[in-house]
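Student: When you get a sec, could you give me coordinates for this:
(one chain, ligands or ions: 2)
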Amino acid sequence: MAAQRVVIGVDSSTQSTKALAVDLATGTVLGQGRAAHTVSEGAGRESDPEQWWRALGEAVAATGWADRAVAVSVAGQQHGLVTLDAAGRPVRPALLWNDVRSAPQAARLRDGFGREEIARRTGSVPTAAFTAAKWAWLREHEPAAADRVAAVRLPHDFLTERLTGEPATDRGDASGTGWWGPDGYDREILDRIGLDPALLPPVLAPGTGVGFVGPDLPLRQGTLVATGTGDNMAAALGLGLTPGQPVLSLGTSGTVYAVGRKRPTDPSGTVAGFADALGGWLPLACTLNCTLAVDRFAALLGRDREEVEEGGTAVVLPYLDGERTPDLPGASGLVHGLRHDTTPGQLLQAAYDGAAHALLTALEDVLGAGGESPDQDVPLLLIGGGARGRAWQRTVLRLSGRAVQVPAAAELVALGAAAQAAALVTGEPADAVACRWRTAEGLLLEPVARDDEALERITVTLRRAGALQGAPARDQ
Ligand SMILES: Nc1ncnc2c1ncn2[C@@H]1O[C@H](COP(=O)(O)OP(=O)(O)O)[C@@H](O)[C@H]1O
Ligand SMILES: O=C(CO)[C@@H](O)[C@H](O)COP(=O)(O)O
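Tutor: Residues are numbered from 1 along each chain as shown. Ligands and ions are numbered 1, 2, ... in the order given. Presented below is the predicted three-dimensional model:
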């Protein structure tokens, strides 16, 4: 009998690192590990890349397969700016995707090139989330630190390079930088933000290996290392998505996306025109306030997150971290429509609705931007930590009007990374590996009539909130 071959997939996301050891032949998860990250509070959102590296070591060790896996791949939170000195050490903590301090720099890029032109070049109209805006912020606010930078990396590139000693990135994660387009790195944008292209890693073709794990590291020396990718691209691989199949991910960020055959270039900025990790596109809309914001409302109300009640007229715009979709980086949380008979459970439900609203109203734009026609009969795949919650599931059913499918597999990002590692070994496309592993199978929830009234109430409140929520981000 042939020896069992095992691959490891890693998801280095905002709140934690998760690792899965997966049987290459069947997709069975044989071991898993998790290690928490810390994110700064206050004006910015920063994390120490050294902590991610330690967390990767802990999480892969906990799988029980670190010394036996044949291949590994690392997926990571998108957009984060990792700055390294000549010795490969972080110059400062990484600036994360949900740090809105870089909003003025994003606005300058947008206005300098014009929305149409920058979307044509990079696929996206940059917001504060994009790495280009973060580098411009660093240049302006910490020029001495910027001068010391010898290499600029995304979170997953940083970890892959620690494993292999090789600088590399992939088209999926590169597409979230704001300085990458179909012809590679955009020299004019890099020039505009004062970033030397020599500091950036090469963008490897899909399906390429970066190298092998070096000596004295958390995995066996000689283990094959795949390119890895951004976390949303990895989940798309992990689900074996076909074009037009929509996904809603409920984690620190809320994201809605689908694989598309057409390159997206949405000048409105609602849809980011990301590349996927194969050769296609991954139009995506992302919010900053998702599970953490709803959990904060539950805590403020002194309730369990499942203790929601229907009815009432309350509207919550839960923009506790500012917001990206809609692009209101200076926004804060807003409650409207309270009455004497509003119950705490209704208010909590309104927080769920407010967090899901932008994602579900962007769904048609996401499908359209990738050249796919919205088919209401195709179930919405629900993933991320929040997908386990019944209140989240019911909210998505009510506000989408679609059937909702919750895959039984919990860690789709790590599973997608594992599929990418497996593909490197077998020569298959990574999404074909995921289909073979039947990763998308799970609970199918029947559709209910869409609650257009609730959606409209939120849309109107948002429109009327105008000046309160639209205040420009403080330049800090
Ligand atoms: N059963 C559950 N119901 C609702 N939310 C949940 C549940 N389990 C976890 N979460 C939420 O999921 C979030 C973590 O999701 P995850 O996708 O792992 O985040 P990330 O990848 O951004 O680090 C936490 O903020 C937590 O509030
Ligand atoms: O910024 C985006 C997508 O553009 C986020 O989706 C990040 O990739 C962070 O993901 P999570 O840690 O929430 O999974």
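Student: Check the contact between L159 and V10; I expect there is one.
Tutor: Yes - using Cβ atoms under 8 Å, L159 and V10 qualify as a contacting pair, with a distance of 7.4 Å. (Each C-beta comes from the backbone N, C-alpha and C, glycine too.)
Student: So between these two, which is more surrounded?
Tutor: Higher neighbour count among L159 and V10: V10, with 33 against 25, using other Cβ atoms under 10 Å.
Student: joint contacts of L159 and V10?
Tutor: Common contacts of L159 and V10 (Cβ atoms under 8 Å, 6 or more residues apart in numbering): L56, V74, G228.
Student: Out of those residues, name the ones that lie in helices.
Tutor: L56 (DSSP state H).
Student: starting at the chain centroid, how far to the helix or strand where E117 lies?
Tutor: With elements taken from DSSP states H and E, the one containing E117 is helix 115-122. Chain-centre distance of helix 115-122: 21 Å, with Cα atoms, centre = their mean, to the nearest Å.
Student: May I see the buried residues of that helix?
Tutor: The neighbour-count check on helix 115-122 (16 or more other Cβ atoms under 10 Å) flags R115, I118, A119, R121, T122 as buried.
Student: just checking, what packs against that helix?
Tutor: Applying 3 or more Cβ pairs under 8 Å, 6 or more residues apart in numbering; DSSP states H and E, we find helix 115-122 packed against helix 103-113, strand 180-181, helix 187-193.
Student: who touches whichever helix or strand comes after it?
Tutor: Tracing the chain past helix 115-122, the next element assigned as helix or strand by DSSP H and E is helix 131-141. Residues from elsewhere that reach helix 131-141 (Cβ under 8 Å, 6+ apart): 79-81, 83, 92, 95, 99, 101-103, 105-106, 108-109, 126-128, 145-146, 152, 154, 176-179, 189, 193-195, 476.
Student: For the nearest residue in space to A151 that is not next to it in sequence, the count of nearby residues, please.
Tutor: Distance criterion Cβ to Cβ, 6 or more residues apart in numbering; nearest residue to A151, sequence neighbours excluded, is L84 at 4.3 Å. L84 has 20 neighbouring residues, counting by other Cβ under 10 Å.
Student: what sits opposite L84 in the beta ladder?
Tutor: Bridge pairing for L84 (DSSP bridges) gives the partners P90, A151.
Student: Use 59 as the first number from now on
Tutor: Okay, residue one is now 59; in that scheme the one you just asked about reads as L142.
Student: got a list of what it touches?
Tutor: The contact partners of L142, by Cβ under 8 Å, 6+ apart, come to P148, V149, V207, A208, A209, V210, R211, F216.
Student: Emit the ChimeraX select command for whichever of those residues are buried.
Tutor: This is the ChimeraX syntax for the buried subset of those, where burial follows 16+ other Cβ under 10 Å:
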select :148,149,207,209,210,211,216
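Student: I'd like the contacts of L142 written out as JSON lines, with pLDDT added.
Tutor: Shown next, in JSON lines, are the contacts of L142 (pLDDT from 0 to 100):
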{"residue": "P148", "pLDDT": "98"}
{"residue": "V149", "pLDDT": "98"}
{"residue": "V207", "pLDDT": "98"}
{"residue": "A208", "pLDDT": "98"}
{"residue": "A209", "pLDDT": "98"}
{"residue": "V210", "pLDDT": "98"}
{"residue": "R211", "pLDDT": "98"}
{"residue": "F216", "pLDDT": "98"}
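Student: Which one of the buried residues of helix 173-180 is nearest to ligand 2?
Tutor: Distance to ligand 2 across these (Cβ to the nearest ligand atom) is lowest for T180, with 13.1 Å.
Student: Was I right to think the closest one contacts W237?
Tutor: Yes - the criterion here is Cβ under 8 Å, and T180 meets it with W237 at 7.1 Å.
Student: Give the intersection of the neighbour lists for the two.
Tutor: Shared contacts of T180 and W237, defined by Cβ under 8 Å, 6+ apart, comprise D244, I247.
Student: burial count for V518?
Tutor: Using other Cβ under 10 Å, V518 is surrounded by 12 other residues.
Student: which residues are contacting the one helix or strand it maps to?
Tutor: Per DSSP H and E: V518 is located in helix 510-528. Defining contact as Cβ under 8 Å, 6+ apart, one finds that helix 510-528 is touched by 371, 373, 375, 377, 381, 384, 386, 388-390, 392, 394-395, 411-412, 415, 418-419, 456-457.
Student: So which of those residues sit within helices?
Tutor: Going by DSSP H, the helices hold D411, G412, H415, L418, T419, R456, L457 from the contacts of helix 510-528.
Student: What residues of stretch 219-237 count as buried?
Tutor: Buried residues in stretch 219-237, counting neighbours by 16+ other Cβ under 10 Å, are found at 219-222, 224-237.
Student: So which of those reach ligand 2?
Tutor: Contacts with ligand 2 within the buried residues of stretch 219-237, as defined by Cβ under 6 Å from any ligand atom: G234.
Student: So which of the buried residues of stretch 219-237 are in strands?
Tutor: T227, D228 (DSSP state E).
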